[in-house]
Every structure is written in C-alpha cells, then in structure tokens.
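1. below is the structure, and that's it, no one-letter string:
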C-alpha cells in the first residue's frame, strides 16, 4: 500500500512539474539558435557498447571492441584529424578551417567507464557520453560516481540522451519538455559543473521541427541526430554511427562527401550576440 502511494505521489509530482514547465516555457516561445564561433570540419562519431569479439559478432550494430576503437582513433589521427571535445567546440577552442573528430557514446554503458575511458585517457583524446538519466546505475550501465570520476579527470563529459530513451518526436509538447528538462536538471544536480552545456542526443535520432524548437526552449545548445536536412540549422549536428564491422576509411569518406552545411554557412549579424547570451545562461 505504501509503495502504491509513493507511485501516485511521484506521478502527481511529474504532472505538476509538467504544468509548471509549460508555464515557464510556453509553446509559442522560440529559443535562440547557437552559431559556432568559426567554421571547421567536425567529424562526430557515435559508439555504444564496447564488448569482447564474440559478443560483438553477435550484436554488431550497437557494439564494437576496444581494440577496433583504438584502431579507428589511430586511423583518424593518421588522416590528419585532431581530437576535439564538444565543450571545446561550443566554446570556440579550435582553429578555423581545422579538421577535427569528436568521440561520442550513447546510453551510458558500463564499458564506457571500464574500457573507453582508460583508452581515451591513455591516448589523450577527449570523449563525450550521452547518458539516459533513468538508466544510470542500472545493470550494465555506469553509476554517477563513475561519471564523477571521468569528468573530474577531464577526459570525459556527460550529456543528455533524454530521461527515458523515448522517441522524442512522438511525445506531446508537455511530455517532451518534462523529459528533456528533467534529464538536464538531473545531470546538473548529480554532476555539478559551472561550465556544463546543455547538449542532447536524440534517442534513435528521431526528431522534427517541433522537437528542435522545444529543445531550444529547454536550453539545448546543440542537438545531435544521425541524419540532417539539406540545409540544417547550426545547432543540429549529424553523428556517424560506428558498428563492429564499420570501415573507418569509408565512414570518413562519407563525411567528407557530405560537406556538412551547418559548419560552413554564413552567420547572421546577430550570431555573436546570440552565442554570447546562450553561453552565459
């Protein structure tokens, strides 16, 4: 009985929070668009779980091995690309016209801590993890003290992959705000950093014009997807998924053939003011 009351109280809290967010973030309001400080080539890779060879052979779409990941990293370095963190990209800490790659992970698997973190640290390469806040600490996922350790080291930063890994494009506006805002606030509470940017990767890469606008209202600086329109907004960035059998040379050629418009389009006169205001919030 007590458990049932707690469930009811929690659901009531979520409903009230949703109503409050709807008042604070009205549907008609428009969030500002983030413009990068300067143009560069930014190849953003998406990994999930790092496992052994046998497991990867059985689930090649969402896994690979630490050895193959290390081979990928050496290939990118040998190809003239430099590693860059998403925080450094947001803060303009890179050379105009440079060639960079970002290493990202989705879902917050424990192997991100046990396998990827030591590998990235040894190679001096930053990484960024998009964690589902409702699954942090669950089976096969890292805990918050692991995230604390990775962030304190300076090698890895944690960002949002939503609260519940729902298809954000199918949620009502209020439910979307509740999910996204809740995930942002959970990370900001459990992993306190004064310089934390609000970045989010769409679960399954599913988005639409409405989700883009609402995520901006919630303070999202950058939104990450797996496909973009021909002329994407500058805060919508494509990532390239790495599978167990991925050919990194072919993936890099695909990226270079795409010539991402978002990183090279002319910026409006108000871009610098918007960027400064967004980063200050």
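-> Good, I have the coordinates. Bear in mind the structure is a predicted one, so any value in this text is a computation, not a measurement. Numbers count the residues shown, from 1 in each chain.
2. how about residue 96, phi and psi?
-> As for residue 96, its main-chain torsions (degrees, to the nearest 10) stand at phi -60, psi 130.
3. name the nearest residue to it, ignoring sequence neighbours.
-> Excluding its sequence neighbours, the residue lying closest to residue 96 (CB to CB, 6 or more residues apart in numbering) is residue 38, at 3.9 Å. In this view, the C-beta of every residue, glycine as well, is placed from N, C-alpha and C.
4. in the stretch 151-281 of the chain, where is pLDDT below threshold?
-> 259-281 (pLDDT under 70).
5. all the helices of it, residue numbers only.
-> Along the stretch 151-281 of the chain, the segments classed as helices by DSSP state H, counting those that start in this stretch run 173-190, 209-217, 248-258, 271-280.
6. how about the ones you listed, which one is nearest residue 84?
-> helix 248-258 (14.1 Å; CB to CB).
7. possible to save the helices of the stretch 151-281 of the chain as a markdown table with mean neighbour count?
-> Shown next, in a markdown table, are the helices of the stretch 151-281 of the chain (neighbours: other CB atoms under 10 Å):
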| stretch | mean neighbour count |
| --- | --- |
| helix 173-190 | 20 |
| helix 209-217 | 19 |
| helix 248-258 | 14 |
| helix 271-280 | 14 |
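8. list just the one of these that sits closest to residue 59.
-> helix 248-258 (19.1 Å).
9. longest single strand anywhere in the protein?
-> The longest strand of the chain (DSSP state E) is strand 99-107.
10. and the contacts of it?
-> 40-49, 73, 76, 80-86, 89, 94, 112, 116, 120, 125-132, 135, 141, 161, 165, 201, 224, 239 (CB atoms under 8 Å, 6 or more residues apart in numbering).
11. just give me the neighbour total for residue 74.
-> Other residues lying near residue 74 total 12 when counted by other CB atoms under 10 Å.
12. and whichever strand or helix holds it, what does it pack against?
-> According to DSSP states H and E, residue 74 maps onto helix 66-78. Under the contact criterion of 3 or more CB pairs under 8 Å, 6 or more residues apart in numbering; DSSP states H and E, helix 66-78 touches strand 41-47, strand 82-83, helix 117-123, helix 248-258.
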